[in-house]
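Visitor: Predicted model, plus sequence, below.
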Amino acid sequence: MNILVCLKQTFDTEERITIENGKINEDGAEFVINPYDEYAVEEAIKLKEQHGGEVTVITIGPERAEQALRTAMAMGADKGVIVDLEDLGDQVDEHTIAQVLAATIREEDLDFDIILCGYMAVDDGSAQVGPRLAELLEIPHISTITKLTVEGDKVSVEKDVEGDVEYIDAKLPILVTAQQGLNDPRYPSLPGIMKAKKKPLTRLELDDLDLDEEEIAAKTEIIETFLPPKKEAGKILTGDLADQAKELVQLLRSEAKVI
């Protein structure tokens, strides 16, 4: 079984984020595999252990993103591909990423039976890349899965639907996105870390792919980046219920400015 995993390197969720000149300051920040993508990597390795085959991890990002691929290979993935889009600067969004991933899969002639992605990236939360990639590759996709079973070319999944479960059957090839609860990602072992240093890693740039920069240019624009406002102490309303309701409406209008 040939398995592809698309992952992203994101800020450690425990990092303190600072904004400078309208952009996130990366100096001294710790980067990790996007947590949802860790579930995808783990599930891919489990599938390889059950069915045999090969796991290829792909990421798009700067040179530092190689660390995320090496971590995935230390967990058990067999090889990696990294694509640097530095030439595009900030003109990158989910449309761009999906187009580049599809082109990379074709350029590297990566055969696949199943593609796993994280449900979303914790830094932008769009949850668009996986479905967009499936559309470009003309294969079905199922999002937010919490259980995956593959028998032959048949796929059975349990899908999280806002606290309930949906059961879906499909066939390979397919793309699925991993939700929390799918598995418990393993920690890389010391032998795994040593082996990962020698596993093959392909580095690509935009010029290596048959893509038109205008066609893959971002469809969205970031107008402003800012931190959420500091939380203030809550207010407890007292008095008659009718008076509380009037005061609540007034506060929502004058202070919270939500109505």
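Guide: Good, I have the coordinates. Numbers count the residues shown, from 1 in each chain.

Visitor: use CA for all of it now, contacts and neighbours both
Guide: Will do.

Visitor: now the strands for the stretch 51-200 of the chain?
Guide: In the stretch 51-200 of the chain, the strands defined using DSSP state E, counting those that start in this stretch lie at 54-60, 79-84, 114-118, 141-151, 154-161, 164-171, 174-178.

Visitor: Just name the most buried of the ones you listed.
Guide: strand 114-118 (a mean of 27; mean count of other C-alpha atoms under 10 Å).

Visitor: Quick check: can you name the pairing partners of the lowest-mean-pLDDT helix or strand in the chain and their directions?
Guide: Of all helical and strand segments in the chain, the minimum by mean pLDDT, DSSP states H and E falls on strand 23-24, at a mean of 77. Strand 23-24 sits in its sheet next to strand 19-20 (antiparallel), going by DSSP bridges.

Visitor: quick one: average confidence on the partner strand?
Guide: Mean pLDDT, computed over strand 19-20, is 80.

Visitor: quick one: it to chain centroid distance?
Guide: On the basis of C-alpha atoms, centre = their mean, to the nearest Å, strand 19-20 sits 24 Å off its chain's mean C-alpha point.

Visitor: Tell me which residues are up against it.
Guide: Applying C-alpha atoms under 8 Å, 6 or more residues apart in numbering, the contact partners of strand 19-20 are 25, 225-227.

Visitor: do that again at 6 Å, thanks
Guide: The contact list for strand 19-20 (C-alpha atoms under 6 Å, 6 or more residues apart in numbering) reads residue 25.

Visitor: go on, stretch 97-117?
Guide: With C-alpha under 6 Å, 6+ apart as the test, stretch 97-117 has contacts from 2-6, 37, 40, 129, 132-133, 172-177.

Visitor: before we move on, the earlier item: return the distance of the least confident helix or strand of the chain from the chain's centre.
Guide: Using C-alpha atoms, centre = their mean, the offset of strand 23-24 from its chain centre is 20 Å.

Visitor: Which residue, neighbours along the chain excluded, lies closest to residue 216?
Guide: Leaving aside its sequence neighbours, residue 216 sits nearest to residue 96 (C-alpha to C-alpha, 6 or more residues apart in numbering; 4.9 Å).

Visitor: I'd guessed that neighbour sits against residue 214; true?
Guide: No. Judged on C-alpha atoms under 6 Å, residue 96 makes no contact with residue 214 at a distance of 10.1 Å.

Visitor: out of these two, which sits in the busier spot?
Guide: Counted by other C-alpha atoms under 10 Å, residue 96 and residue 214 do not tie: residue 96 has more neighbours, with 20 against 7.

Visitor: Select the longest helix from this protein.
Guide: Looking across the chain with DSSP state H, the single longest helix is helix 35-51.

Visitor: Show me what it is packed up against.
Guide: Packing partners of helix 35-51 (3 or more C-alpha pairs under 6 Å, 6 or more residues apart in numbering; DSSP states H and E): strand 114-118.

Visitor: Please name the strands paired to the strand it packs on in the sheet, noting orientation.
Guide: Its sheet considered, strand 114-118 pairs with strand 2-6 (parallel), strand 174-178 (parallel) by DSSP bridges.

Visitor: Let me have these in CSV, extended by distance to residue 102 and mean pLDDT.
Guide: What follows is the strands paired with strand 114-118, written out as CSV (distance: least, C-alpha to C-alpha, whole Å; pLDDT from 0 to 100):
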stretch, distance to residue 102, mean pLDDT
strand 2-6, 11, 98
strand 174-178, 12, 97
